[in-house]
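how would this look folded up:
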Amino acid sequence: MARPLRFACHCSHDRAVAALRALPEDERRELAARGADIDIFCHMCGKCHTIKAGEI
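Numbering: from 1, shown residues only. Sure, this is the predicted structure:
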């Protein structure tokens, strides 16, 4: 029996922040010290999540 193909991406701003928080502490400090926003691009849906420097 054939079923229709469905696609759903579960990315979110919160998941992008959680991915950055999973980095080692020294790398998080280095990113925060730059003071620049970080763009995380989802290759599944094409959405770009911009993380502010203070959110890391």
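
What sits closest to the one residue sitting closest to the centre of the chain if chain neighbours are left out?
Nearest to the mean C-alpha position of the chain, counting by C-alpha atoms, centre = their mean, stands Ala16 at 2.3 Å. Excluding the flanking residues, the one nearest Ala16 by C-beta to C-beta, 6 or more residues apart in numbering is His49, at 3.9 Å. For every residue, glycine as well, the C-beta is placed using N, CA and C.

Pull out the buried positions in the helix or strand that contains the one you found.
Using DSSP states H and E, the secondary-structure element containing His49 is strand 48-51. Buried residues in strand 48-51, defined by neighbour count with 16 or more other C-beta atoms under 10 Å: His49, Ile51.

who touches Asp37 in this structure?
For Asp37, the contacting residues are Thr50, Ile51, Lys52, Ala53, taking C-beta atoms under 8 Å, 6 or more residues apart in numbering as the criterion.

roughly how far apart are it and Glu30?
For Asp37, the distance to Glu30 equals 15 Å [C-beta to C-beta, to the nearest Å].

for Cys11, same thing?
Cys11 is 24 Å from Glu30, by C-beta to C-beta.

of the two, who's got more company?
Under the criterion of other C-beta atoms under 10 Å, the comparison of Cys11 against Glu30 puts Cys11 first, with 17 against 12.

by contact count, what packs against the strand holding His49?
Strand 48-51 makes packing contacts with helix 13-21, strand 38-41 when contacts are defined by 3 or more C-beta pairs under 8 Å, 6 or more residues apart in numbering; DSSP states H and E.

Listing partners with orientation, what would you give for it?
Paired with strand 48-51 in the same sheet, following DSSP bridges, are strand 38-41 (antiparallel).

So which bits of the partner strand are buried?
Residues of strand 38-41 classed as buried under the neighbour-count rule (16+ other C-beta under 10 Å) are Ile38, Ile40.

List the buried residues for the helix or strand of the chain at the bottom of the mean pLDDT ranking?
Least confident helix or strand, the chain: helix 25-34 with a mean of 91, by mean pLDDT, DSSP states H and E. Buried residues in helix 25-34, defined by neighbour count with 16+ other C-beta under 10 Å: Leu31.
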